[in-house]
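J.: Provide a 3D model corresponding to the input given below.
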Amino acid sequence: MRGNFYIRKLALKAVIYIIPAHMCMAEDSFSTQAKMYFTRKEYGLVEALLENASSLKDDLLLLLAESYFHLGKYEKAKKDYELLFKNASLELKEKIELRLFDIDLALRDLEGAQQKFKEWIDRKNKLPTRYVYELAKALVDRGSFLEGKPLLQSIPENTPYTMRARYMLATVMLLEKDNNQALELFQNAQKLDTKCVEDYLVLKLLILAEARIFYQEKLYEKAMSAYERIELNSPLGREASLELLSLLLDLAFEAQKRSSKAEEEEFLNKASQVFIRLRKDREIGFLEPELLGKMALIYIAKKRYSEAEKLYEDILAYYHSLSKNMSDENTDINIIPYTFIKDIPEYKELNALNKLIEENNSKLYNLEKLQTSFALRKIEDFAKLKEMQKKLLEDFQKIEPLIKNKIKENALRHINNIIAEIERGSAYLSIKKMNNDKKISRDLGAYQTNNFSEFYDFFFGPES
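T.: Residues are numbered from 1 along each chain as shown. Below is the predicted model of the structure:
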């Protein structure tokens with residue numbers, strides 16, 4: 001049975017219903033305390049303090065709605081904002097509309113967001129750039145390119161969202177197989193001024209995308225030049241260097257097939273330099289098998305077979321040991337390197353459930369804290385709430401091994417794929433070694449035979 005079935009089942013049980021409390025503190029003091037918590041971004045305390053009140057004034061209801069939003073409780077936030085909207089001033093109504101737009105996007109209700117977008121444009125003729133970009137991005141992520149593209153194109157120059165909008169538009173062109181238009185957009189976007197911190201990462205993404213298009217179009221010199229423009233210490237530096245390494249090795253092996261020794265040596269030397277830079281930046285360990293595999297290919301191309309063989313043996317020894325340990329049902333998932341489990345759905349679900357349990361613990365703690373701080377009357381059935389949390393933990397402990405086994409199975413499959421890939425590289429090394437040995441044997445044989453004939457003829461004369 002899949003882990004997410006248990007996650008959903010437990011998540012339903014995990015909802016804690018707080019019994020409304022009768023607060024015996026001055027209203028002004030109550031309001032001041034709620035505002036203080038909100039200012040300190042202690043949204044959980046705002047929630048615990050306000051959500052049990054039988055009625056709230058609009059200013060406190062707004063604090064509660066905004067706290068729900070920051071806590072990711074979008075449905076609750078939406079309900080309170082819609083309640084506030086009825087009697088709000090025109091200025092507040094506009095702010096609430098924008099927040100409801102955010103909530104629709106967060107809940108992936110794109111139809112609702114598009115309807116609000118249309119109503120706003122009909123009334124005001126312009127929406128703040130952030131909301132245009134967020135809606136466009138959500139539409140593109142869903143694959144609705146026809147709806148997303150015009151929005152991206154409408155974002156003007158010199159805004160904090162211009163560069164990333166151009167990047168996304170170029171990406172859409174790429175997905176639509178319009179490489180020339182995409183390349184032009186990628187290149188033009190690089191000329192824009194950076195307006196915010198995020199733009200520095202987007203700039204590297206633009207250069208990386210340009211390099212990949214050149215690589216795909218077999219414009220190798222331009223691709224190499226683009227890859228080299230991404231500094232190794234930048235967020236995408238290691239990824240760009242790895243792709244550059246792949247390109248140089250491809251070119252080296254192509255040159256080898258053409259028997260172009262000079263070109264082969266040139267590309268191998270460049271590949272070696274990239275590898276040295278990578279190793280200086282950070283020690284290359286077994287958790288980067290792709291990079292180690294390329295290192296072995298450099299050794300093979302340079303006919304340093306013993307070094308390649310040793311490297312393959314070390315990699316295989318590490319992953320065989322890891323695979324063996326993970327096959328043991330008593331092995332905990334904590335021994336699995338994070339890189340092999342971070343994208344596994346069950347691992348994300350396990351973390352989500354752990355987070356839910358922590359949030360409930362935090363909520364219980366906040367309620368106890370409020371009772372102590374403000375001499376609130378005892379929250380009825382508080383012991384019952386604690387009992388619910390205890391039951392949740394007991395259920396979690398029962399199904400946790402099943403979820404962890406699923407995580408181990410997926411990680412083990414990934415690791416076995418790495419082993420298979422390394423073994424293919426090792427087999428390739430054996431073939432290259434065997435061919436090289438045969439060539440040496442042939443050359444030696446020809447040399448010895450020719451010299452023996454000359455020796456025989458010299459002393460004994462030609463055979464009759």
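J.: what stretches of the protein score poorly on pLDDT?
T.: In the predicted model of the chain, residues 1-30, 54, 366-385, 437-464 satisfy pLDDT under 70.
J.: Domain map for it?
T.: Under the assignment automatic domain parsing, the domains of the chain span 24-123, 128-229.
J.: quick one, phi/psi of residue 258?
T.: phi -80, psi 0 (degrees, to the nearest 10).
J.: any idea how far it is from residue 38?
T.: 70 Å (Cβ to Cβ, to the nearest Å). C-betas here are computed from N, CA, C, even on glycine.
J.: just residue 275 next, same as before
T.: Residue 275 is 53 Å from residue 38, where distance means Cβ to Cβ.
J.: In CSV, list the domains of the chain along with distance to residue 389.
T.: Supplementary listing: these in CSV, determined by distance: least, Cβ to Cβ, whole Å:
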stretch, distance to residue 389
domain 24-123, 15
domain 128-229, 35
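J.: Any chance of TSV for those, columns mean neighbour count?
T.: Listed next are the domains of the chain as TSV, based on neighbours: other Cβ atoms under 10 Å:
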stretch	mean neighbour count
domain 24-123	16
domain 128-229	17
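J.: Of all these, which one comes closest to residue 321?
T.: Minimum separation from residue 321 across the domains of the chain (Cβ to Cβ) falls at domain 128-229, 34.6 Å.
J.: So what's the gap between that closest one and the chain middle?
T.: 18 Å (Cα atoms, centre = their mean, to the nearest Å).
J.: Stretch 242-260 now?
T.: The answer for stretch 242-260 is 30 Å, by Cα atoms, centre = their mean.
J.: What of stretch 311-318?
T.: 28 Å.
J.: List the buried residues for it?
T.: Along stretch 311-318, these residues count as buried under the neighbour rule (16 or more other Cβ atoms under 10 Å): 311, 312, 315, 316, 318.
J.: out of these, which are inside helices?
T.: Residues of these located in helices (DSSP state H): 311, 312, 315, 316, 318.
J.: what residues are up against the fourth one?
T.: The one in question is residue 316. 419, 422, 423, 426 (Cβ atoms under 8 Å, 6 or more residues apart in numbering).
J.: got it, and the last one?
T.: Counting by Cβ under 8 Å, 6+ apart, residue 318 touches residue 286.
J.: residue closest to the middle of the chain?
T.: In the chain, the C-alpha nearest the mean C-alpha coordinate belongs to residue 343, at 8.1 Å (Cα atoms, centre = their mean).
J.: Could you look up the SS state of it?
T.: When classified by DSSP: H, G, I helix; E, B strand; the rest coil, residue 343 comes out as coil.
J.: So what does it have for phi and psi?
T.: phi -100, psi 0.
J.: Residue 295 now?
T.: phi -60, psi -40.
J.: Let me know whether it touches residue 275 as I believe.
T.: Yes - taking contacts as Cβ atoms under 8 Å, residue 295 lies within contact range of residue 275: 6.0 Å.
J.: more neighbours, the two?
T.: residue 295 (22 against 18; other Cβ atoms under 10 Å).
J.: do you know how far the more buried one is from residue 338?
T.: From residue 295 to residue 338 the distance is 23 Å (Cβ to Cβ).
J.: Mind putting the ones in helices among the buried residues of stretch 311-318 into CSV with distance to residue 71?
T.: Output for those, formatted as CSV (distance: Cβ to Cβ, whole Å):
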residue, distance to residue 71
311, 50
312, 51
315, 45
316, 48
318, 42
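J.: Go through those and name the one nearest residue 151.
T.: The closest of these, once distances to residue 151 are taken by Cβ to Cβ, is residue 315, at 47.4 Å.
J.: Quick one: residues contacting the closest one.
T.: 286, 289, 292, 293, 422.
J.: Would you mind checking these for buried ones?
T.: Buried among those (16+ other Cβ under 10 Å): 289, 292, 293, 422.
J.: Between all of those, which two are separated the most?
T.: Using Cβ to Cβ, the two most remote members of the buried ones among the contacts of residue 315 are 292 and 422, lying 8.3 Å apart.
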